[in-house]
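# Sequence below, structure please.
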Amino acid sequence: MKKTISLLIAIFAISVNSQHILPENERARVVDEILTDRFNNLLPQLMDKTAIDMWVLISREYNEDPVLRTMLPATWLNARRRTILVFYRNKEKNTIEKLAVARYNVGENIVSAWDKEKEPDQWKRLMQLIEERNPSKIGLNFSKDHNIADGLDKTDYDEFMKNLPKKYHKKVVTAEQLAVRWIETRTDREMIIFNQLVDITHSIIAEAFSEKVITPGVTTTTEVEWFMRQKVTDMGLETWFHPTVDVQRISEELVGHLYSFSGRPDDMVILPGDLLHCDFGITYLRLNTDCQELAYVLKPEEKEAPKFLMDGLKAGNKVQDFLTTNMVSGRTGNEILAKALQDAKDAGLRPAIYTHPLGLYGHSAGTTIGMWDAQTGVMKDDGDNYPLNPNTVYAIELNTTVTIPEWKRDIRIMLEEAGFFGEDGFRYVNGRQTELLLIPRIKSHQGN
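As a prediction, the model looks like this:
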C-alpha cells in the first residue's frame, strides 16, 4: 500500500506542463484510498469532537444525500435502491464500525449488515443494529442552517422515526456539525492533490487568456468560454459550472455585481485595451477548484499593461490580505467579514467580500464569509454562527472598486483563489495572481 501511495504521489508531481491526468482506473484507486483514510482516521475524530456516537445516513437511488454521495466508492456513481449507512463510534474501545443496511458491501470500507433472507424488512434490520449498540446519540442529516447537511428526505425521516423504538426518540439529534466537518475537512493526501488541481486550473486560464486562443478584433468572450469548457473535456476532466468571461473597457459603464454572474452580453468581441475577467473551476478526484483571474489586451504600441490597471490589481491583493489575516480559528464568517471589510475601508479601499468553502463541492459546506448581495453578513439561517476550523479550503473570492481617471469611470477588480486554512494559519493552495496576464505575451526578438 505504501508503495502504491508513493507511486501515485510521484505521478502527481509530474510537471503540470505535461498535464498528466490519471486514467479512470487510477483515479478510482486514489479516490478509494482517500476514502479509507477518511473513514478510519478522520471520521472517528470528527464523531468524538461533535459527540455523536452513531451516524445514520439514508438515501435512495438518484436522490442522494450530498454527504452520502461523498462516501460512495469510486465504482458507485449513485446509491442503489435505498442505501442506509451506519457509523458507530466506541470511543472507549477506540473502534469505529462502518455498516451498510444493504444487500451488499458498499465498496471495501462499509460492510453489509443485512441478510434479507433472515430479516426481509430493511427498517427492522436497521433498528436491530441500533438496539444492539444502544448509542447515546443518533445523528441524522437534517439542518436548517446548512443545505449540504440537510440531505435526509421527509419520506425516509418519517419511516425512520416510525420504526425507531420510542425509547430512542429523545436520542435523535441533527448531525449538521458532523456532516459539515466531514465535508469541509481536508486530509494531507487531499491537499497534495489539491495543489495539482489548482495548478491545472491556472494553466488552462493562462492558455485561454493568450494569443493562442484570442485574436483581438476577432475572438469573442463566448468563444473563450467554450474553449475553456472544451479544454476541460478534452483533458478528461469536468467543470462544475460553465466558465464565464467578461470585459471592462474605457467605453463601458460599471454595472452591478450581478453582471458577473448573469446578464452579461454574449459574443462580445475582444479588443485591444480591454480588461478581461474569467470565472472558472474544474472537478477532479472529487475535489473542486474555483478561480477568477484578469488579463489585459495590449494595444499595438504597448509592451505592458497601463499602470492604473496594475495598481488596481495591487488594490485587489490588499483586500485579499485584509481578509486572510483576519481568518482566525474560532471566528465566525460574519465576524471575519466585518473586520476585514472595516480594515480595507480604513485603508481607503472599496471592498466586497463573498468567500465560500471549497472542496468536495464547489460551493461547499463550512464557514461562509459574506455573499455578494449580503455585505453586512449572512442571516442566521445561512449558518453564520459556524466557526472557522483548521484543515479547510476556501475560494478567496472578493473584489474592490477602483476609480480610473484615464477611463473616466470605475472598474471592479474581481479575484478568486483557493486558500488553505491550517493549524499554522492561512496560505494560498498554489499562489495567487499578482500580475495581469498579457495578450499577447511579450516576447524578446533578436536582430534589427
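# can we go C-alpha only for contacts and neighbour counts from here?
Will do.
# pLDDT weak spots in the stretch 301-448 of the chain?
379-385, 443-448 (pLDDT under 70).
# ranges for the helices of it?
Under the criterion DSSP state H, counting those that start in this stretch, the stretch 301-448 of the chain contains helices at 307-325, 333-346.
# tilt between the longest one and helix 333-346?
The reference is to helix 307-325. 140 degrees (axes from the mean of the first three to the mean of the last three CA atoms, to 10 degrees).
# All the strands of the stretch 101-250 of the chain, in order from the start?
111-112, 138-140, 172-174, 244-248 (DSSP state E, counting those that start in this stretch).
# Out of those, indicate the one that is most buried.
Among these, strand 138-140 has the highest mean neighbour count (mean count of other CA atoms under 10 Å), at a mean of 25.
# export the strands of the stretch 101-250 of the chain to JSON lines and tack on mean pLDDT and distance to Thr222?
Listed next are those as JSON lines, based on pLDDT from 0 to 100; distance: least, CA to CA, whole Å:
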{"stretch": "strand 111-112", "mean pLDDT": "91", "distance to Thr222": "48"}
{"stretch": "strand 138-140", "mean pLDDT": "98", "distance to Thr222": "44"}
{"stretch": "strand 172-174", "mean pLDDT": "97", "distance to Thr222": "44"}
{"stretch": "strand 244-248", "mean pLDDT": "96", "distance to Thr222": "7"}
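# Tell me which of the ones you listed approaches Asp156 most closely.
strand 138-140 (10.7 Å; CA to CA).
# measure Ser143 to Ile52 for me?
15 Å (CA to CA, to the nearest Å).
# In space, not sequence, find me the middle residue of this structure.
When CA atoms, centre = their mean is applied to the chain, the residue found nearest the centroid is Leu358 (2.2 Å).
# what residues does stretch 122-135 touch?
53-54, 88, 101-102, 114, 116, 119, 159-160, 163-165 (CA atoms under 8 Å, 6 or more residues apart in numbering).
# any idea how far Thr367 lies from Ala179?
13 Å.
# nope, Gly370 is what I meant
21 Å.
# In terms of neighbours, single out the busier of these two.
The residue with more neighbours, out of Gly370 and Ala179, is Ala179; 29 against 26, by other CA atoms under 10 Å.
# Please verify my assumption that that one contacts Phe142.
No: the pair Ala179 / Phe142 is not scored as a contact, 9.6 Å apart, by CA atoms under 8 Å.
# any common contacting residues for the two?
With CA under 8 Å, 6+ apart as the test, Ala179 and Phe142 both reach Ala149.
# got the strands of the stretch 101-250 of the chain as CSV, with distance to Ala305 columns?
Shown next, in CSV, are the strands of the stretch 101-250 of the chain (distance: least, CA to CA, whole Å):
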stretch, distance to Ala305
strand 111-112, 60
strand 138-140, 54
strand 172-174, 53
strand 244-248, 14
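# Indicate which one of these is closest to Tyr386.
Per CA to CA, nearest to Tyr386 of the strands of the stretch 101-250 of the chain: strand 172-174, 14.6 Å.
# what lines up beside the closest one in the sheet?
The strands that strand 172-174 pairs with in its sheet are strand 138-140 (parallel) (by DSSP bridges).
# now what about the partner strand, what contacts it?
52-57, 152, 171-176.
# what about the top helix by length along the chain, average pLDDT?
Scanning the chain for the longest helix, with DSSP state H as the assignment, gives helix 188-208. On average, the pLDDT along helix 188-208 is 96.
# Buried ones in that helix, by neighbour count?
Residues of helix 188-208 classed as buried: 190-191, 193-202, 204-206, 208 (neighbour count, 16 or more other CA atoms under 10 Å).
# circling back to that earlier point, now do the same contact list for the residue nearest to the centre of the chain.
Glu184, Asn288, Thr289, Asp290, Ser364, Ala365, Val393, Tyr394, Ala395, Ala418.
# Correct me if wrong: Ala206 contacts Leu436.
No: when contacts are counted by CA under 8 Å, Ala206 is not listed as touching Leu436 (10.5 Å).
# out of Ser143 and Ile52, which sits in the more crowded spot?
Neighbour count, other CA under 10 Å: between Ser143 and Ile52, Ile52 has more, with 26 against 19.
# Which helix or strand contains the more buried one?
Under the assignment given by DSSP states H and E, Ile52 is not contained in any helix or strand.
# how much space between the closest residue to it other than its chain neighbours and Trp55?
Closest residue to Ile52 apart from its sequence neighbours, by CA to CA, 6 or more residues apart in numbering: Lys137 at 5.4 Å. Separation of Lys137 from Trp55 (CA to CA): 8 Å.
# Between those two, which is the more surrounded one?
When Lys137 and Trp55 are compared for neighbours, Trp55 comes out ahead with 24 against 19, by other CA under 10 Å.
# hang on, the earlier thing: which among the contacts of Leu358 gets closest to Leu46?
For the contacts of Leu358, the nearest to Leu46 is Glu184 (11.2 Å; CA to CA).
# To what extent is the closest one buried, counted in neighbours?
Neighbourhood size, Glu184 [other CA under 10 Å]: 23.
# so what's it scoring on pLDDT?
Glu184 is given a pLDDT of 97.
# what's near enough to touch it?
Pro357, Leu358, Gly359, Leu360, Ser364, Ala365, Gly366, Thr392, Val393.
# how about TSV for the residues you listed, with distance to Arg350 added?
Formatted as TSV, the contacts of Glu184 follow (distance: CA to CA, whole Å):
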residue	distance to Arg350
Pro357	23
Leu358	25
Gly359	29
Leu360	32
Ser364	27
Ala365	28
Gly366	26
Thr392	28
Val393	25
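# Among those, which ones are in strands?
Pro357, Thr392, Val393 (DSSP state E).
# you'd agree the first one is up against Ala395?
Yes: at 6.2 Å, Pro357 counts as touching Ala395 under the criterion of CA under 8 Å.
# show me the residues around Ala395 that make contact.
Thr289, Asp290, Cys291, Thr355, His356, Pro357, Leu358, Glu416, Glu417, Ala418, Gly419.
# An error on my part: the question was meant for Gly431.
Glu417.
# Go again with 10 Å.
Asn195, Val198, Asp199, His202, Glu417, Ala418, Gly419 (CA atoms under 10 Å, 6 or more residues apart in numbering).
# And the furthest pair within those?
Pairwise over the contacts of Gly431, using CA to CA, the maximum falls at His202 and Gly419, 13.8 Å.
# Could you count how many residues lie near Pro265?
11.
# Also Met327?
The burial count for Met327: 22, using other CA under 10 Å.
# count of residues packed around the residue nearest to it when sequence neighbours are not counted?
Leaving aside its sequence neighbours, Met327 sits nearest to Ile336 (CA to CA, 6+ apart; 6.2 Å). If you count neighbours by other CA under 10 Å, Ile336 ends up with 25.
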